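1. Quick one, fold the following:
(2 chains)
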There are 2 protein chains.
Amino acid sequence: VEISGKYLLFLGTAETKSEAKTASGIVEWRPELCLAQWSLPGCKVDLGLPTMDPAAAYAAGARTLVIGVAPIGGILQPAWLPALIQALEAGLDLAAGMHTRLKSVPEIRDAAARLGRQLFDVREADRTFGVANGDKRTGKRLLTVGTDCAIGKKYTALCIHRELVSRGVKADFRATGQTGILIAGRGVPIDATISDFVAGAAEWLSPSNDADHWDVIEGQGSLFHPAYAGVSLGLLHGSQPDALVLCHDPSRNHIEGYPNYPIPSLERCMAVNLGLARLTNPNAHFVGVSLNTDGWAEDERRALIQKVEKQVDMPVFDPIATGVASLVDTLVGVKAAVA
Amino acid sequence: VEISGKYLLFLGTAETKSEAKTASGIVEWRPELCLAQWSLPGCKVDLGLPTMDPAAAYAAGARTLVIGVAPIGGILQPAWLPALIQALEAGLDLAAGMHTRLKSVPEIRDAAARLGRQLFDVREADRTFGVANGDKRTGKRLLTVGTDCAIGKKYTALCIHRELVSRGVKADFRATGQTGILIAGRGVPIDATISDFVAGAAEWLSPSNDADHWDVIEGQGSLFHPAYAGVSLGLLHGSQPDALVLCHDPSRNHIEGYPNYPIPSLERCMAVNLGLARLTNPNAHFVGVSLNTDGWAEDERRALIQKVEKQVDMPVFDPIATGVASLVDTLVGVKAAVA
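-> Numbers count the residues shown, from 1 in each chain, chains lettered A, B, ... in the order given. This is a model prediction of the structure:
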């Protein structure tokens, strides 16, 4: 998947910022890609971008309309169809990460074919991958892993990547999920890959690189998730991470949606990840813990971070509340030590 | 995947029994399904079945021609095309487990559409699966796991299933790979499933059943395989096995095709499988070890089995050389104890 910039962000009839989470994530992380926003009557969200219709956006340099709104169920709304066709006619490609595939909607598929436009369904791998070869690659890799899904693995990876770049360290963010791919403009939708090729796709995603280059890889799922652990393991093996960061939400007691599956302790989650990671990289180790303390009072957060830091003896942070500087200090040290 | 019997086994121009491994596996395990064999000039393999052309086989009750020969590379040979079209015209469906999909060959696809025949590409899941729910199901499950791929997991599962049935125990063999599906007539090609749904597909494959019923599930890959461990883990979690059997080839030193990846010790392989299996079934445990001692002298085999039995303190057997009676003795005990 490799999407043409710049983006016109489509907000549909979103009433809340959380409905437009995909669009606001792209604005937060790739503002230079976001040329304008466009919505339908009834939309109550404003991302602070100029509002343009497709023709104006194309004239100003936009090349892709990104559907940045996720209605409940992830279904493409029939009311959007005229707007999407209008975008294709104005010269824009379409990109979306919804359950409904753009290619599966006859009106959109036919208009795109007629006009020579591209449709990017970022939930769908657009190429086949080989079987993993397990060979060591040059360069350094960091993978975020979690005690559960939807716990901050993408956000943590993006923050670490930004901090590395700001310090002049060569680094790439490697996207493995829908929103991450729309933010990065490319990546592999690892959970939509044929199971035999997950580790191979992960190898492809972070190829050999300079010895002092870091790939910061967005993790998926959790080894303690009864449905997705296999995806997490294939990504872990193919990524061959030198450094692992554990993402955790201290207020969650069980795997989201699975009340019979408790969240593992940090120690156990690290031990299981490490034991398995060392199959393909015997030097893998944890370098930090990322906590999601959204909504915690400042003094409680500070106390928690200190407590966990004592518990695990490595940098502990909340990427939003405290930033990732302490982690990246360690990481740059790791780089020197491992290189 | 659910294939219509009976089968006409197509051998192409196979010169060795190993080229016709798929066909001979079906004859060995499902002789009642195998009506006849058919081959092209130059074929040197005889499976001991009557030879019939498609018209004669159809008249005698065959409903599917199964491509039972796997040339190197798994590619459908152009020289077979007239024969395959002839089979479709005679009234037969086609089934194959090759890399080349039957549906991808225009002549075959068009003839099947014109004649109303079905094409079974058993490497391809023919339905979508849901995300695993992790809920406990009724009935008992056994899964074969391995220190590597291609080490006897399917054969061991088939032998255990046959022994259970011969003792009057309710049991089903659950196929997860191409040859297994052609033998069972149905199953899920787990390695061709989208990664997010592997555990869900495994749950679907062995649904709730009578408390004293055993599903004997064909394992895939190995947790120590750098390319396929994620597939193995999804299958392990979705299968929720009560009983695990470890399959091992004592003459193999490293993962086949991966000289830098040593075969793990039996103890380590069991510990890692068990640690992960217990996420979805806290009662999982190993009940035996299946050794592939093909080519070993009888006294050496006996000494090895005794040695390993002391080492792991559970039944150790070679399904071909010694049979699986000792394992099934334990298993029936397990059933009573767990039920």
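2. Report the secondary structure element holding the residue of the stretch 1-150 of chain A found nearest chain B.
-> Closest residue of the stretch 1-150 of chain A to chain B, Cβ to the nearest Cβ: residue A:134 (3.3 Å). Placement of C-beta: from N, CA and C, glycine included. If you go by DSSP states H and E, residue A:134 is not part of any helix or strand.
3. which phi and psi does the residue lying closest to it once chain neighbours are set aside have?
-> Among residues not flanking residue A:134 along the chain, residue B:226 sits closest, at 3.3 Å (Cβ to Cβ, 6 or more residues apart in numbering or on different chains). Per-residue torsions, residue B:226: phi -70, psi -20 (degrees, to the nearest 10).
4. just checking, the residue of the stretch 1-150 of chain A closest to chain B touches residue B:258?
-> Yes. Residue A:134 is within contact range of residue B:258, at 5.4 Å (criterion: Cβ atoms under 8 Å).
5. More neighbours: the two, which one.
-> Using other Cβ atoms under 10 Å in any protein chain shown, the more surrounded residue of residue A:134 and residue B:258 is residue A:134, with 22 against 18.
6. That one: what's it in contact with?
-> A:237, A:280, B:226-227, B:258, B:260-261 (Cβ atoms under 8 Å, 6 or more residues apart in numbering or on different chains).
7. separation between it and residue A:11?
-> 44 Å (Cβ to Cβ, to the nearest Å).
8. ditto for residue A:108
-> Distance, residue A:108 to residue A:11, by Cβ to Cβ: 18 Å.
9. mind showing which ranges of chain A have poor pLDDT?
-> Applying pLDDT under 70 to chain A flags residues A:1, A:126, A:334-339.
10. Can you pull the residues of it lying near chain B?
-> A:131-135, A:190-196, A:198-200, A:223-224, A:226-235, A:237, A:258, A:260-261, A:272, A:275-276, A:279-280 (Cβ under 8 Å from any Cβ of the partner chain).
11. Buried only: go through these for me.
-> Neighbour counting by 16 or more other Cβ atoms under 10 Å in any protein chain shown classes A:131-132, A:134, A:190-196, A:198-200, A:223-224, A:226-235, A:237, A:258, A:261, A:272, A:275-276, A:279-280 among the residues of chain A next to chain B as buried.
12. Please narrow these to those residing in helices.
-> A:198-200, A:229-235, A:237, A:272, A:275-276 (DSSP state H).
13. Could you work out the most separated pair of the residues you listed?
-> The largest separation in these, counting by Cβ to Cβ, is between A:200 and A:272 at 22.8 Å.
14. sorry, back to before: anything in contact with each of residue A:134 and residue B:258?
-> Common contacts of residue A:134 and residue B:258, defined by Cβ under 8 Å, 6+ apart, comprise residue B:226.
15. what's the residue of chain A positioned farthest from its centre in contact with, if anything?
-> What lies farthest from the middle of chain A is residue A:114; by Cα atoms, centre = their mean that is 32.5 Å. By Cβ under 8 Å, 6+ apart, residue A:114 lies in contact with nothing.
16. Within the helices and strands, which one has it?
-> Using DSSP H and E, residue A:114 sits in helix A:106-115.
17. Give the buried residues for that helix.
-> So for helix A:106-115, counting by 16+ other Cβ under 10 Å, buried means A:108, A:111-112.
18. ok, now stretch A:62-72?
-> So, applying 16+ other Cβ under 10 Å, buried residues of stretch A:62-72: A:62-70.
19. which residues sit against that stretch?
-> A:3-14, A:19-24, A:26, A:35-36, A:38, A:52, A:54, A:57, A:76-77, A:80, A:84, A:87, A:91-98, A:120, A:182.
20. Out of these, list just those in strands.
-> A:7-10, A:35-36, A:38, A:93-96, A:120 (DSSP state E).
21. Include neighbour count when you put the residues you listed into a markdown table, please.
-> Formatted as a markdown table, these follow (neighbours: other Cβ atoms under 10 Å in any protein chain shown):
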| residue | neighbour count |
| --- | --- |
| A:7 | 29 |
| A:8 | 28 |
| A:9 | 29 |
| A:10 | 27 |
| A:35 | 21 |
| A:36 | 21 |
| A:38 | 24 |
| A:93 | 22 |
| A:94 | 24 |
| A:95 | 25 |
| A:96 | 27 |
| A:120 | 23 |
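22. Could you work out the most separated pair of these?
-> Greatest spatial distance among the ones in strands among the contacts of stretch A:62-72 (Cβ to Cβ): A:36 and A:120, at 18.4 Å.
23. Give me the helices and strands touching the host helix or strand of residue A:288, please.
-> Using DSSP H and E, residue A:288 falls within strand A:285-291. When contacts are defined as 3 or more Cβ pairs under 8 Å, 6 or more residues apart in numbering or on different chains; DSSP states H and E, strand A:285-291 packs onto strand A:243-248, helix A:266-277, helix A:298-312, strand A:316-317, helix A:325-338.
24. contacts for the shortest one?
-> Applying Cβ under 8 Å, 6+ apart, the external contacts of strand A:316-317 come out as A:288-291, A:305, A:308-309, A:323-324, A:326-327.
25. Just the buried ones from the residues you listed?
-> A:288-291, A:305, A:308-309, A:324, A:326-327.
26. what's the most distant pair in these?
-> Most distant of these, by Cβ to Cβ, are A:308 and A:324, 15.1 Å apart.
27. Residue A:12 and residue A:77 touch, don't they?
-> Yes. Counting by Cβ under 8 Å, residue A:12 does reach residue A:77; the two are 6.4 Å apart.
28. quick one, which of these two is more surrounded?
-> Higher neighbour count among residue A:12 and residue A:77: residue A:12, with 24 against 16, using other Cβ under 10 Å.
29. Next, the contact list for residue A:159, please.
-> A:319, A:323-324.
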